[in-house]
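Student: Got a predicted structure here, sequence first:
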Amino acid sequence: DTGVSQDPRHKITKRGQNVTFRCDPISEHNRLYWYRQTLGQGPEFLTYFQNEAQLEKSRLLSDRFSAERPKGSFSTLEIQRTEQGDSAMYLCASSRGPVNEQFFGPGTRLTVL
Amino acid sequence: AQKITQTQPGMFVQEKEAVTLDCTYDTSDQSYGLFWYKQPSSGEMIFLIYQGSYDEQNATEGRYSLNFQKARKSANLVISASQLGDSAMYFCAMRGDSNYQLIWGAGTKLIIKP
């Protein structure tokens, strides 16, 4: 059990650029979640997957955001045409099942200049 | 709608004292789960303890215990014998029966004084 990993840990980009983040969950976990956390706030849910199926998306996930989990293992979160308001910590979590505790990765901190 | 309220933005506690972090919740679901997470300055969210809505006993994990009062819709975290390493942000979160995302409170910043 190596834990949830995320890459990159930090990303600085210019407004209007596209960015992609990767999350590798704990290997036997079939549920994967993405959250966004801004400074001084609790995380906000973005989306989650059961295996490769994306089951729920928050209204926070505008058309510029897309997430995939193509083979039910790792997941990617892409933000197109980044805006300064996208600056935040993006957290990935995984769980064994829907009611089990979620284990989080270290996060990707995005700064949009 | 589901909601988590943490009314203590920050707390200072003397080392070795016990500390209680407050959490109240609102949900219309019959079955739900309550979680506490710790987030040190490094940023990683660390799972501490879980309480199911149908669990009759309060959950305990080492120095952490959850004081679950269902009628009052409260799920306070108690840390016994606090240590300097307990200094961090603490978040209360809830998972409802109707969806499986976690709904989070705003957090409490706990600082342990030597």
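Tutor: The structure has been received and is ready for your questions.
Student: Surely B:Gln101 and A:Tyr33 touch.
Tutor: Yes: with contact defined as Cβ atoms under 8 Å, B:Gln101 reaches A:Tyr33; the gap is 6.9 Å. The C-beta positions use only the backbone N, C-alpha and C, and glycine is treated the same way.
Student: So for these two, which sits in the more crowded spot?
Tutor: A:Tyr33 (25 against 22; other Cβ atoms under 10 Å in any protein chain shown).
Student: what's near enough to touch the more buried one?
Tutor: If a contact means Cβ atoms under 8 Å, 6 or more residues apart in numbering or on different chains, then A:Tyr33 has A:Phe45, A:Leu46, A:Thr47, A:Tyr48, A:Phe49, A:Cys92, A:Ala93, A:Ser94, A:Ser95, A:Gln102, B:Gln101, B:Leu102 as its contacts.
Student: Correct me if wrong: the second one contacts A:Ala67.
Tutor: In other words, A:Leu46. Yes: under the criterion of Cβ under 8 Å, A:Leu46 makes contact with A:Ala67 at 7.3 Å.
Student: any common contacting residues for the two?
Tutor: Joint contacts of A:Leu46 and A:Ala67 (Cβ under 8 Å, 6+ apart) are A:Trp34, A:Leu61, A:Leu77.
Student: mind checking pLDDT for the residue nearest to B:Glu44 when sequence neighbours are not counted?
Tutor: The spatial neighbour of B:Glu44 that comes closest, neighbours along the chain excluded (Cβ to Cβ, 6 or more residues apart in numbering or on different chains), is A:Pro106 at 4.9 Å. Looking at A:Pro106, its pLDDT is 94.
Student: for A:Tyr35, same thing?
Tutor: So, for A:Tyr35, pLDDT stands at 95.
Student: ok, then the element right after the helix or strand where it lies?
Tutor: Here A:Tyr35, judged by DSSP states H and E, is contained in strand A:31-37. As assigned by DSSP H and E, the chain's next helix or strand after strand A:31-37 is strand A:44-50.
Student: Next, the angle from that following strand to strand A:31-37.
Tutor: 170 degrees (axes from the mean of the first three to the mean of the last three Cα atoms, to 10 degrees).
Student: And the residue of chain B closest to chain A?
Tutor: B:Trp104 (3.3 Å; Cβ to the nearest Cβ).
Student: chain center to the lowest-mean-pLDDT helix or strand in chain A: distance?
Tutor: Ranked by mean pLDDT, DSSP states H and E, the helix or strand of chain A with the weakest confidence is strand A:53-57, at a mean of 86. Remark: strand A:53-57 is offset 13 Å from the chain centroid, using Cα atoms, centre = their mean, to the nearest Å.
Student: Direction included, what does it pair against?
Tutor: Take DSSP bridges as the rule and strand A:53-57 pairs in its sheet with strand A:44-50 (antiparallel).
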